[in-house]
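Chemist: Sequence plus predicted model, see below.
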Amino acid sequence: MRNAIILCALILFVTLSAGNTLAKTFGEGITLKTATPVSELLENGDAYVGKRIQVRGMIVDVCEARGCWVYVAGDKPFEKIRVKVTDGEIVFPLEARGVEAQVEGILEKFDLSRDEVIQRKQHHAEEQGETFDPASITSGETFYQIRGLGAQIEGV
Amino acid sequence: MNWRRLNQALHRDIGFLCVGLTLLYALSGIAVNHMHDWNANYSIERFELKIDPLPPGIITSAQLQQVLRQLGESKISKKHFQPDPENLWLYADSRMIRVNLPSGKVEAEKLQRRAFWYRLNFLHLNHAKKGWTWVADLYAGGLFLLAVTGLLLLPKRADLKRRAIMLSLAGVIIPLFFLLLYY
């Protein structure tokens, strides 16, 4: 009995003191050989909607609450694209911010009314602990988003 | 061994076997339920600073160095991003720094993973997948058996029996009530 307790304590100690055990590959990982520039997706998104695509770039923001989305920086200034994954299927660690990544998924297009944009941004602000003024939204929004299926992130 | 003894033995042994996982799921369950009030995975320290304002636009290398110098940062160099002409995001180790260029307002976040809770949630939310899925399924099966064998442990004393039935019914009615209320 004493030995069993010592063994359990040892396993607990080793587990808790071990380094980061998260794999660098998330979900289905990377299956495509080439990446599509984010600028191309944002400019000619309709041609890619419903298709599996890969993007490469720095992860510039991560969902703080659940790790259920990331933004990947584009190849042109001020451009980024959101990658949303099913809650729990893939969980992006917050340490991924500022790290280079390859992400794959299906491109989706959203046409949101002003109310829907407010609702979405309100939810986003709550998740990130940020402030949001609904009055700052004056119209609806059309945007592209990747339904994330897999990713490979360096050094997380 | 009659069925009552077998049932008792099963209930007892499965109960012991489930202790560790029950504690894990219970603690992590509370943490996950209140994730919006308290981030169990990370400790995030936020602080604000002020630097000299800069004109909006694509930040130049000289301007970036100026910002870094004022922030006392030297490691960041290339890890930066501009979501729009007015804002600059910088990344260093476990920190993310958001700079509003025209106002010079800086919001910084320092991140630290909560080792114990992160691992607990990692298992509870089955981020591990693979073999852990089987362990979690077996645990669920163990809980099912605990419930069934528990029901069969009905005491012989009439007052205790009544109490056991009432408590068991309460355990069924509570989730049903909330289903009717919110669904």
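Modeler: Received the coordinates, thanks.
Chemist: for chain B, which helix is longest?
Modeler: Taking DSSP state H as the criterion, chain B has its longest helix at helix B:3-33.
Chemist: Tell me the buried residues in that one?
Modeler: Using 16 or more other Cβ atoms under 10 Å in any protein chain shown as the test for burial, helix B:3-33 gives B:Asn7, B:His11, B:Ile14, B:Cys18, B:Leu21, B:Leu24, B:Tyr25, B:Leu27, B:Ser28, B:Ala31, B:Val32. (C-beta placed from N, C-alpha, C; glycine too.)
Chemist: contacting residues around the residue nearest to the spatial centre of chain B?
Modeler: For chain B, B:Val32 is the residue whose C-alpha lies nearest the centre (Cα atoms, centre = their mean; 3.9 Å). Going by Cβ atoms under 8 Å, 6 or more residues apart in numbering or on different chains, B:Val32 touches B:Ala40, B:Asn121, B:His124, B:Leu125.
Chemist: What subset of those is buried?
Modeler: B:Ala40, B:Asn121, B:His124, B:Leu125.
Chemist: what secondary structure does the residue in chain A positioned nearest to chain B sit in?
Modeler: With Cβ to the nearest Cβ, the shortest gap between chain A and chain B falls at A:Gly98, namely 2.6 Å. Using DSSP: H, G, I helix; E, B strand; the rest coil, the structure places A:Gly98 in coil.
Chemist: and chain A, which residues reach chain B?
Modeler: By Cβ under 8 Å from any Cβ of the partner chain, the residues of chain A that approach chain B are A:15-16, A:21-22, A:58, A:60-61, A:64-67, A:73, A:77-78, A:80, A:88, A:91, A:93-95, A:97-98, A:126-127, A:129.
Chemist: Could you tell me which of those count as buried?
Modeler: For the residues of chain A next to chain B, a burial check counting by 16+ other Cβ under 10 Å picks out A:22, A:58, A:60-61, A:64-67, A:73, A:80, A:91, A:93-95, A:97-98, A:127.
Chemist: helix or strand for the nearest residue to B:Met35 once chain neighbours are set aside, which one?
Modeler: Computed as Cβ to Cβ, 6 or more residues apart in numbering or on different chains, the closest residue to B:Met35 that is not its neighbour in sequence is A:Ala65, at 5.5 Å. Here A:Ala65, judged by DSSP states H and E, is contained in no helix and no strand.
Chemist: all strands of chain B, in order?
Modeler: Here chain B has its strands, by DSSP state E, at B:42-50, B:80-84, B:87-92, B:95-100, B:105-113.
Chemist: Select, out of those, the one closest to chain A.
Modeler: Nearest to chain A among the strands of chain B is strand B:87-92; the distance by Cβ to the nearest Cβ comes to 2.6 Å.
Chemist: What about the buried ones among the residues of chain A next to chain B, which are in strands?
Modeler: Per DSSP E, the subset of these in strands is A:Met58, A:Val60, A:Asp61, A:Ala73, A:Lys80.
Chemist: what about the second one, distance to B:Ala147?
Modeler: What it means is A:Val60. 47 Å (Cβ to Cβ, to the nearest Å).
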